[in-house]
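Enquirer: the following block contains a protein sequence and its predicted model.
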Amino acid sequence: MLSGFCFRMLLVALPRKHFSPPCSQSKLRSVDATCSKCHSGIVSEYARTAMAHASGAALDRPIEGRYFHKQSKVEYWLQQEGGRLFLNFDRTEGKSLHGRRELLYYIGSGNLKGRTYLFEVDGFLFESPINWYAQQRLWDMTPNYENVLEAPLNLPAYPECLNCHTSGMHAPSTGTQNAYPDPPFAHAGITCERCHGPALEHALQGKSMLALEHLSADRRDEICMQCHLEGNASVERPRHHVYDFKPGNDLLEFVRYFVFENNGGQRAVSQFEPLAQSRCKQVSGDKMGCTTCHDPHSEPEPTKAAAYFRKTCISCHGDAFANKHHPEDPSCIACHMPALSSKDVSHTEETDHRILRRPKPAMPTPSSQFGDLQPFPISDETKNDVRDLALAYESLVERGDNVVLVKAERLLDLAEQQDTNDAAVLTALGSIAQERGDLNHSRQYYQRALNNDGTDAEAATNLGVIEAKEGHLRSAIALWQTVFKEAPWRSSVGVDIALGYCAANHYDEGRAYLRRVLEFNPDFALGRSLMDQLSANPPRCSLAR
C-alpha cells in the first residue's frame, strides 16, 4: 500500500470535463444547398435517396417507440417533449434504474435498414442502446448487445461509424475517440462532395469537379468501397485515418481490409466481397462497378425496381437472351440476388451480390477456421503488407479466436523487425505476452509503445494492470488517470482508480471517480457496488469481479 505522503503526491483533481456548449442540431447544413443552385434537378432527385438521409438531426422525422429488454429488465422509450427528443430508460424490478438522455442526431435513414440515435454526455458522443430495424419495423437492442444484463449507456460513437453516415465529419479531440466539436459533422447525410470532392473552387472559380468516369477503376471503386467494404478485419495505416480519405485518393493508403480466403459470411455493409466473386464482375472486369447497376443520384421506386435492374442486366446479356429467359418474371434479382440474413446485424437482410446463376445457401458464418486471412483487394503491395496482416490476425485474437494466436505473434515479430517504433504492433505484442503471463516482456512492449504514442489507451490501461499486480499502485493509477481523462466512459478503468484511492484510505477521491463512472454508465453493477461499499460506515473496498 502507498504511504500517505506518496499518495498525496499523486492526488490530482478529477479529469477536467470537456466543457462545450450543448450540441446544436440546427447547425447541420441541408444536403447540397450550394450544388442545388446549378444542379437543382439532380439534387432534388438525390434528396429522395437513402444516402441523402443517412444522418441528421434527431428531430428530423423522429421515430418514436417503446421497447422492453427482458434480459436486463429495462424498458426504453423515445418521446418528444418541448421540442426535444429523449430516450427514457427505467427498471423497477431488482436494482432500480431511471433516467433519460436527450437525443441529438441520428445515423441511418430509418427506411432502408434502420436507425441509431446519438446523445451526448459532457461533450462525448454515444450511441443509443436500442436501434430501429426498418425491415422488420421493430425496436431491439443495438447489435451484439442483445443479451446484456445492464443497460449499455456508454457505447461510444466512433469516427469510423460517423464517417460512413455523415459528411464533413470533424475528427475527435486529440487522444479521444468520441469527443467531437459541436456539431460533430457539418452536413446531414452523404453529400455531393463525398464522391466528387470539394466544391468551393468549383462554385467560385468554375474549377471542374471530380468526375468518376475520369478515374481509374480502382480509384472509382474505392469511393464506394470506403463504406461498403467491411471485411473480417480492417487496419488503419500508420499515421492515417480512414476519415481522412478524399475522392481520388488511394484508399489503401489509409486502411487495409482482410477477408477469409473462402469469403465467410454475409455482412450488412460488405457488398464488395461477394460482388468480386460474381461471374458478372469476373468477366466484365474493370468495366463493371457499383454504378453499373446503381445510380448514386437516384433510386427507382419500389414498384419499378424490378424493371429498372432487369434493364441493367439486359444491357450486358442482350434482348435475345432476356426474351427467352423467364419472360413471365421481370425480376432478375428475385432469383439471382436474393435477400440473405445478415450475420452481424439482427433483423436485417442483405442482397446477395454474388449474382449466382443458381442461388446457393448463404455463406458460412465468419470464423478463422474457414481459412487464412488475405488482403482485399489483392495487390503486390497488400500481399507483402506484414504489419497490417499481423494486426488483422491480432484483432481476431482480441475477439477470442485463439486458434490464430501463434500466427498473429509470428507476424507481429516480423512487423516489429521492420519498424521497431510502431506503437500498434508493440501494443499487440504486449497484449499477447500479458495474456501468456510474461509480464516482464509485456511491460517492455507497452512502455515502448507509449514512448512512441502517448495516447495509446490500451497500452496505458494494460500497463497499469501490470503495475498494480506488482504493487506499484501509484504508477498504475497515474497510467489509468491519463486514460480515464480522455475516456471517462471506460467504466472499468474508473473503478480501478477508485479502488486504488480506497486502498490508500482516500475515500472521498474514490467516490468522486465513481460518480464520474456512473455519470456515463449509471447501470454499471461494479461501480454501483463499490459506491455502496465506499459510502458505508466504515467504508470498505473489497470488490469481487
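Expert: Cool, the structure landed.
Enquirer: does the most centrally placed residue in the chain count as helix, strand or coil?
Expert: Geometric centre of the chain, nearest residue: Cys161, 4.1 Å, by Cα atoms, centre = their mean. At Cys161 the chain is in helix, as set by DSSP: H, G, I helix; E, B strand; the rest coil.
Enquirer: which ones are touching it?
Expert: 107, 127 (Cβ atoms under 8 Å, 6 or more residues apart in numbering). For every residue, glycine as well, the C-beta is placed using N, CA and C.
Enquirer: now the helices for the stretch 51-200 of the chain?
Expert: With DSSP state H, counting those that start in this stretch as the criterion, the stretch 51-200 of the chain has helices at 159-165, 193-196, 200-205.
Enquirer: for Pro359, find the nearest of those helices.
Expert: helix 159-165 (28.4 Å; Cβ to Cβ).
Enquirer: which strand in this protein has the most residues?
Expert: In the chain, taking DSSP state E as the definition, the longest strand is strand 97-107.
Enquirer: got phi/psi on Val493?
Expert: Backbone torsions of Val493, given as degrees, to the nearest 10, read phi -70, psi -40.
Enquirer: my guess is it meets Thr461, correct?
Expert: Yes. Val493 is within contact range of Thr461, at 5.9 Å (criterion: Cβ atoms under 8 Å).
Enquirer: what touches both of those two?
Expert: Shared contacts of Val493 and Thr461, counting by Cβ under 8 Å, 6+ apart, come down to 480, 483.
Enquirer: between the two, who's got more neighbours?
Expert: Val493 (24 against 21; other Cβ atoms under 10 Å).
Enquirer: what's the more buried one in contact with, if anything?
Expert: For Val493, counting by Cβ under 8 Å, 6+ apart, the contacting residues are 461, 480, 483-484, 487.
Enquirer: with just CA atoms, put stretch 288-308 into CSV.
Expert: Presented in CSV, the C-alpha positions along stretch 288-308 are these (Å, rounded to 0.1, in the frame of the first residue of the first chain):
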residue,chain,number,x,y,z
MET,A,288,-18.2,-3.1,-64.1
GLY,A,289,-18.5,-1.1,-60.9
CYS,A,290,-21.2,-0.2,-58.4
THR,A,291,-22.6,2.5,-60.7
THR,A,292,-23.2,-0.1,-63.4
CYS,A,293,-26.3,-1.1,-61.5
HIS,A,294,-26.8,1.7,-59.0
ASP,A,295,-27.3,5.3,-60.0
PRO,A,296,-26.0,7.2,-56.9
HIS,A,297,-28.1,10.2,-57.8
SER,A,298,-31.5,8.4,-57.6
GLU,A,299,-33.3,5.3,-56.5
PRO,A,300,-36.0,3.5,-58.5
GLU,A,301,-39.5,3.5,-57.0
PRO,A,302,-40.2,0.1,-55.3
THR,A,303,-42.8,-0.8,-57.9
LYS,A,304,-40.4,-0.1,-60.8
ALA,A,305,-37.2,-1.6,-59.2
ALA,A,306,-37.5,-5.0,-60.9
ALA,A,307,-37.8,-3.4,-64.4
TYR,A,308,-35.0,-1.0,-63.6
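Enquirer: number of residues surrounding Ala203?
Expert: Around Ala203 there are 14 residues (other Cβ under 10 Å).
Enquirer: tell me the contacts of it?
Expert: By Cβ under 8 Å, 6+ apart, Ala203 lies in contact with 34, 37.
Enquirer: ditto for Ile107
Expert: Here Ile107 is in contact with 54-55, 115-116, 118, 161-162, 165-166 (Cβ under 8 Å, 6+ apart).
Enquirer: all strands for the stretch 351-500 of the chain, in order.
Expert: For the stretch 351-500 of the chain, the strands defined by DSSP state E, counting those that start in this stretch cover 373-376.
Enquirer: where in this protein is pLDDT low?
Expert: For the chain, the stretches with pLDDT under 70 are 1-27, 29-32, 262-269, 344, 360-371, 543-545.
Enquirer: kindly recompute the last result at 50.
Expert: For the chain, applying pLDDT under 50 flags the ranges 1-13, 15-23, 545.
Enquirer: can you give me the helices in the stretch 251-400 of the chain?
Expert: 272-277, 279-284, 290-293, 305-317, 319-324, 332-336, 380-383, 386-398.
Enquirer: just name the most buried of those helices.
Expert: Most buried of the helices of the stretch 251-400 of the chain, by mean neighbour count (mean count of other Cβ atoms under 10 Å): helix 386-398, with a mean of 23.
Enquirer: helices and strands around it, which ones?
Expert: strand 233-236, strand 255-260, strand 373-376, helix 405-418, helix 423-436 (3 or more Cβ pairs under 8 Å, 6 or more residues apart in numbering; DSSP states H and E).
Enquirer: for those, which one sits closest to Pro198?
Expert: strand 255-260 (21.0 Å).
Enquirer: wait, doesn't Trp535 sit right on Gly510?
Expert: Wrong residue type there; residue 535 is Ser, not Trp. No. Counting by Cβ under 8 Å, Ser535 stays clear of Gly510, with 10.1 Å between them.
Enquirer: these two: which has the busier surroundings?
Expert: Using other Cβ under 10 Å as the criterion, Ser535 and Gly510 rank with Gly510 on top: 25 against 12.
Enquirer: helix/strand/coil for that one?
Expert: Applying three-state DSSP: Gly510 is helix.
Enquirer: residues contacting it?
Expert: 497-502, 530, 534, 541.
Enquirer: please repeat the previous calculation with a cut-off of 10 Å.
Expert: The neighbours of Gly510, taking Cβ atoms under 10 Å, 6 or more residues apart in numbering as the test, are 495, 497-504, 530-531, 533-534, 539, 541.
Enquirer: try Leu429
Expert: The contact partners of Leu429, by Cβ under 10 Å, 6+ apart, come to 390, 394, 408-409, 412-413, 415-416, 422, 441-442, 444-446, 448-449.
Enquirer: again, 7 Å this time
Expert: Contact analysis of Leu429 by Cβ atoms under 7 Å, 6 or more residues apart in numbering lists 412, 416, 445.
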